[in-house]
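S.K.: Show me how the following folds:
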Amino acid sequence: MLLQGSMTSSALLLFFLTFTVSHGTEVWTVTPEKGTTLNIKNSRVNECMVCAVSQNSTLQYSCGPTLSLKDSTPVSLKFKCLKTEGVKLQDVFSVEILRNIECDTTSCNGHISHKDSSDKSLEGFNRTFTWTINTNAPKKRGSFKIDFSYSGLRQINPSETCGEDPSYVVEALGTSVAVGRYCHRGLIRSAQINEHGKFSVVYPAGKKLKSVQFDLSGKEKIQSLAKISVTLPVVVSSLEMFSPNYPDSFPDNGVMEWFFQVPERRKAIVHFLKLTRPNCKKNGAKVEYHSNGKLLSVETLTNCQPTQNLRNFSLTLKNCEMERKGVGSSGLAVKFKVSASVILPSIRCEVDGRSDGVSLHVSKTRPSDCVMKINGVKHETITVTSHANLSFHDCIPEEVQVSATKLIGCHTLTDCPKTPVNLLLPTLPPCLPAPLSRMTWTLQPGKQGTVQLTSPKGPLKQSLPGQICNSSVVFKLAEEDGASIGHFCAKGTIKAVHIHSNMSITWESSTGKELLKTYSKQVLLSASFKKEIPERYIFNVSTEKNSPILVATPGWPVGMKSYSTVSWIVFVPSGMEAHVLFTNLSQPKCSNRHTSIKVRRFSSTEEEYSRREDEMPKRELTVSESFYLNMSNCMPERGNFSVMVNITLRKAMNRPLIIGLSVLAVLLVICFIVLVAVCLVIRKKKKKLSHQVSIYNPNGTNFLPGQNNVSNHEDDESHLYASIDESLIYSDLLKKGAEMGLYKEYNVYESVQRQTDSHKPLVTKDNMGVGSYQLFQVPSQNAPMLPSRPPSHVQTLVVNEHYQSGDELNLKPQLAPEDRN
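M.R.: A predicted model of the protein is given here:
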C-alpha cells in the first residue's frame, strides 16, 4: 500500500487516539481495485482529517486532510472533525476513483465501465469515477471516441445537475477545456476528443452504483479540440447545446465541432439563444457549415443561421484571438438550439383580391429554404392585388408572415361614404402557409374632412404604462407619414376618436388561426367621415366611479408634432367630480409660440386651469363637472412636449352648502368674540361699581354680616363710601315717577325677625358706636336681612327711615334733601 499526501508521527497518533476516545470516530473499510487510485478530498482542511491503516500490516496510523490510496490492499479509514456538531462527513469529504487508459489511432487498452457493487462502504459520499485517456501513437498523436449510442446523452448547463441520476463530464486536457456536462438519455451519440482528455461519472451521495459501459476507440487526429455527434429523430424535436467552458469563455482561436445526422425529408434549424461576443484583436469569431467535407456557408454570430435541408451537416464554432485587457471583454460563450422538422411538400394556392379591395402580402420572417412563387415566378415577397396563382415549397408558419391592406378614402368630403364603414378582416383561402397576422386600413377623409373611429364592442383603451393592453388584439393608429398616434385595445373609456388627417389603422394578432376564426366575421371598428374639427385630435372620454383612467398625448412617449393640438372631452356623471393628476409632463424649449395646457368646464366660458411651458405647472386639480382638456404644441427648439394624465372620479361635495356653513361659522366666531369682549367689559365695570351696604341695629349693637372682628384703626377708611348707587342719588325722581304712575313700588327688603337680646352681637358698643356706618361687601346667603337705620353723624346722602307694621317691616326708600348746588 502507498500512502501519499499524509502525515505519520507518534504525536499525531496520540492526539488522534485521545480525540477518538473523547468524541468517537466513524470507520470504513475499502479495497481499491487493481490499477486504480482512490483519492479522498477534504473541503475543510483545517478542521477535518482522514486516517488509514492497512489490515495486512502493522503500519501505524497515517492521518492528513487528504488521502491517496493505490493497489488492492484492504484499508480501514477513519474520519474525524474537530467540531462534530452540525457537521456531516458527506458534506466535508468526497471520493475520486481514477483509472488510466491508453489508445492509439485504432484501439484502446480498455473501456469505460464499472459494475454494480454491493459494497456500500463509501456510498454515503459524493463519488467521481474518472478515466484519463491518452493517445500515444508511435508517429503522431490521434484522438479517442467515446460511444454513447446505447442510451444517448443530453447536454445541460454546467450549473445544473441530473437529480438523483449520475452526471457525465467530458474534458479536453490538451487545452484544459470542459467540453460539457451531460445527463442520461438524449440525442448525443458520441464524443471525440483530440489527443488526450478525461471522462467522469459523478454519483451524488447516497446513490447506489449502477453498471456503466461505454465503448472506447482510437481515431485519427481531428482539427477541433472536440467533436460531438448528434442524431436527430424522425419526429419533430429539439435540443440545446453549449459552447465549451460555458458560461465562461471559449479559448482563444479555439475550434469546436458539432455533427448532426438529419433523417430524410427533415430539416434542421439553428437558433442562438444566448450569445456573448468576444473582443477580437483581428478577424472575428464565426460559424461555418459543412456537409460531406464541403463548406456550405460562413456566418457571423449575429446573423440568422441558415436552415439545413441536407441529411448530414457540421456546425463549426471558431473563436478569434481575444483582447483581454479591455473592460467588458468576457469572451465567447454560446447557447444554441437545434430543431428538426418535416420538409413540407409544395402547396398551390389561388387568391383573388379584387372582390373586397384587399391587397395581400406574403413575406419571409427569416432566411430559410422556403420558396415562394407568384404565377410561376420566384419572389422573396409576394403582393397580390388581383387574381393570382401562388405556390409555396417547404414553407412552415414560423418562417412566413401574411398581411393585408385596404384603402378607404375620398378626395373631398362630399365624395366620402355617408354611413359608417365597418372594418372587417378579409376572408383568405386556407391554402396559405400561415394565418393572417396583420391587417391595415388606410383612411383618407379628403380636404376639410375628419375621421371618426368608434368600437361596436365598447370604449377603447390607450396602452400606457400602468394601463397595458394585455389583449391578443391591438389596434395601432398612425398618421399618413407613419408617426404613431397610439396603441389601443378593448375595455377602455375612449368612446370616440377624431383625427383631422389621413391615417392608418393596423390590427395585429399573435395567436394564429384560432383567434382569426373568432374575429373573421366581427366588426372590429367603425369609421365615419365628418366635417373638419378645430383640433388635430379629439378623444371623447367617459369616466366611471372607482375606475382611474390614463390618457396621454398622441405618440406618447414621443412628443407631439409641432403646432399640433389635441382635446379630450371628458364626461363626468352627475354628483361626481374629476380629480385630474398630471403624472408625467415633459416640456420643450420653444422657438416659436408656446405650449399650452388648459382645462375648461362645460358650463363656463372661463378657463379652470391654464399653463404654458415657461410657467410653473400645477400637479393636480379638481373639476366639478364635465370638462375640456386642451393641449397644443409649439415649434420646439429642443425637447419634446408629452403629457400623461390620470383622471379619477370621486363623489362631489355640496359646494353651496359648504360655502354657507363656512360663512355661518365665521359669523359665529365673530359673535363669540364680540360676546366675550362685552362680558369682559361688563365684568370690569361691575368690579368698579360694587354696592356698599350699611346696617343699623336698634338694640344698640352694630351687626356686620360676614365680619366678626372689625379693625378700628385710625387710618381705616372702611366707614367711607366707595360709591353710591345711582338709584339712590336720583331717588327723588323715582318717587315723582311713582306718584305719576310711571313706576311701581316694590318691597326692597323682605320681612325679617328682629334681633333679640339672646343673640350675641358680633360687634359691641365698645368697639363701634351706635348708629355709625361701616362699609363691607354684600353679605352671603346666611347673613340676616338689612333693616333700616337712623341717619349717621356723617353727612348722609340718603335718609333711611323704618316703618313698622306688625312683625314685618315695609321699607320704602325716601328721598333725602340734597344739595343741588
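
S.K.: quick one, longest helix in this structure?
M.R.: Determined from DSSP state H, the single longest helix within the chain is helix 655-688.

S.K.: for A434, what are its contacts?
M.R.: Residues near A434 by C-beta atoms under 8 Å, 6 or more residues apart in numbering: 397, 400-402. Backbone N, C-alpha and C define where each C-beta goes, glycine included.

S.K.: Next, the contact list for S314, please.
M.R.: 257-260, 288-291 are the contacts of S314 under C-beta under 8 Å, 6+ apart.

S.K.: In PyMOL, select just the buried ones from those.
M.R.: Command for PyMOL, covering only those of the contacts of S314 found buried under the criterion 16 or more other C-beta atoms under 10 Å:
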select buried, resi 257+258+259+260+288+289+290
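
S.K.: In helices only, show me the contacts of S314.
M.R.: Checked against DSSP H, those include nothing in helices.

S.K.: which of the contacts of S314 lies closest to H379?
M.R.: Y289 (25.4 Å; C-beta to C-beta).

S.K.: Just list whatever residues bridge to that closest one.
M.R.: Listed by DSSP bridges, the beta-bridge partners for Y289 are S297, L315.

S.K.: how about it, what does it touch?
M.R.: 295-299, 306, 308, 313-316.

S.K.: By pLDDT, give me the weakest of these.
M.R.: Lowest pLDDT within the contacts of Y289 is found at Q308 (76).

S.K.: so what's that one up against?
M.R.: 260, 262, 267-270, 289, 291, 296 are the contacts of Q308 under C-beta under 8 Å, 6+ apart.

S.K.: still on that earlier bit, just the ones in strands from the contacts of A434, please.
M.R.: 400-402 (DSSP state E).

S.K.: and of those residues, the nearest to C370?
M.R.: Closest to C370, out of all of the ones in strands among the contacts of A434 and judged by C-beta to C-beta, is V400, at 6.4 Å.

S.K.: burial of the closest one, as a residue count?
M.R.: Look at V400: counted by other C-beta atoms under 10 Å, it has 22 neighbours.

S.K.: Could you do G376 as well?
M.R.: G376 has 7 nearby residues by other C-beta under 10 Å.

S.K.: List the contacts of it.
M.R.: For G376, the contacting residues are 389, 391, by C-beta under 8 Å, 6+ apart.

S.K.: Can you report phi and psi for the residue nearest the centre of the chain?
M.R.: Closest residue to the average C-alpha location of the chain: G466 at 9.9 Å, with C-alpha atoms, centre = their mean. In terms of degrees, to the nearest 10, the main-chain angles of G466 are phi 90, psi -10.

S.K.: which residue packs closest to it, ignoring adjacent ones?
M.R.: Spatial nearest neighbour of G466, excluding adjacent residues (C-beta to C-beta, 6 or more residues apart in numbering): L550 at 6.2 Å.

S.K.: Return the helix or strand in this structure with minimum mean pLDDT.
M.R.: Every helix and strand of the chain was ranked by mean pLDDT, DSSP states H and E. The lowest is helix 10-23, at a mean of 28.

S.K.: in stretch 597-617, what's buried?
M.R.: Neighbour-count burial for stretch 597-617 [16+ other C-beta under 10 Å]: 597-601, 608-609, 611, 613.

S.K.: can you tell me which two in those are farthest apart?
M.R.: Maximum distance among these (C-beta to C-beta): 23.8 Å, for R601 and E613.

S.K.: ok so, going back, which pLDDT value belongs to the residue nearest to the centre of the chain?
M.R.: Taking G466 on its own, its pLDDT is 85.

S.K.: One more: the one 4 residues further on?
M.R.: In this model, N470 is scored at 78, pLDDT.

S.K.: likewise the one 10 residues further on?
M.R.: In the prediction, the pLDDT value recorded for E480 is 90.

S.K.: can you check N39 too?
M.R.: Predicted confidence (pLDDT) for N39: 86.

S.K.: what pairs with the nearest residue in space to I538 that is not next to it in sequence across the strands?
M.R.: Nearest in space to I538, with sequence neighbours left out and distances taken as C-beta to C-beta, 6+ apart, is H498 at 3.9 Å. For H498, the beta-bridge partners are Q452, I538 (DSSP bridges).

S.K.: Tell me how many other residues crowd the closest residue to Q444 other than its chain neighbours.
M.R.: Nearest non-adjacent residue to Q444, counting by C-beta to C-beta, 6+ apart: G409, 2.8 Å away. Close neighbours of G409, defined as other C-beta under 10 Å, add up to 17.

S.K.: residues contacting G409?
M.R.: G409 neighbours (C-beta under 8 Å, 6+ apart): 416, 442-446, 502.

S.K.: can I get those residues in JSON lines with pLDDT and distance to S62?
M.R.: JSON lines is the format used below for the contacts of G409 (pLDDT from 0 to 100; distance: C-beta to C-beta, whole Å):
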{"residue": "C416", "pLDDT": "88", "distance to S62": "101"}
{"residue": "T442", "pLDDT": "95", "distance to S62": "89"}
{"residue": "L443", "pLDDT": "94", "distance to S62": "91"}
{"residue": "Q444", "pLDDT": "93", "distance to S62": "95"}
{"residue": "P445", "pLDDT": "91", "distance to S62": "97"}
{"residue": "G446", "pLDDT": "86", "distance to S62": "101"}
{"residue": "N502", "pLDDT": "93", "distance to S62": "92"}
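
S.K.: Put together a markdown table for the contacts of A434, with distance to A478 on each row.
M.R.: Formatted as a markdown table, these follow (distance: C-beta to C-beta, whole Å):
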| residue | distance to A478 |
| --- | --- |
| P397 | 27 |
| V400 | 24 |
| Q401 | 19 |
| V402 | 21 |
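
S.K.: Between those, identify the one with the most neighbours.
M.R.: Result: V400 is most packed of the contacts of A434 (other C-beta under 10 Å), 22 neighbours.
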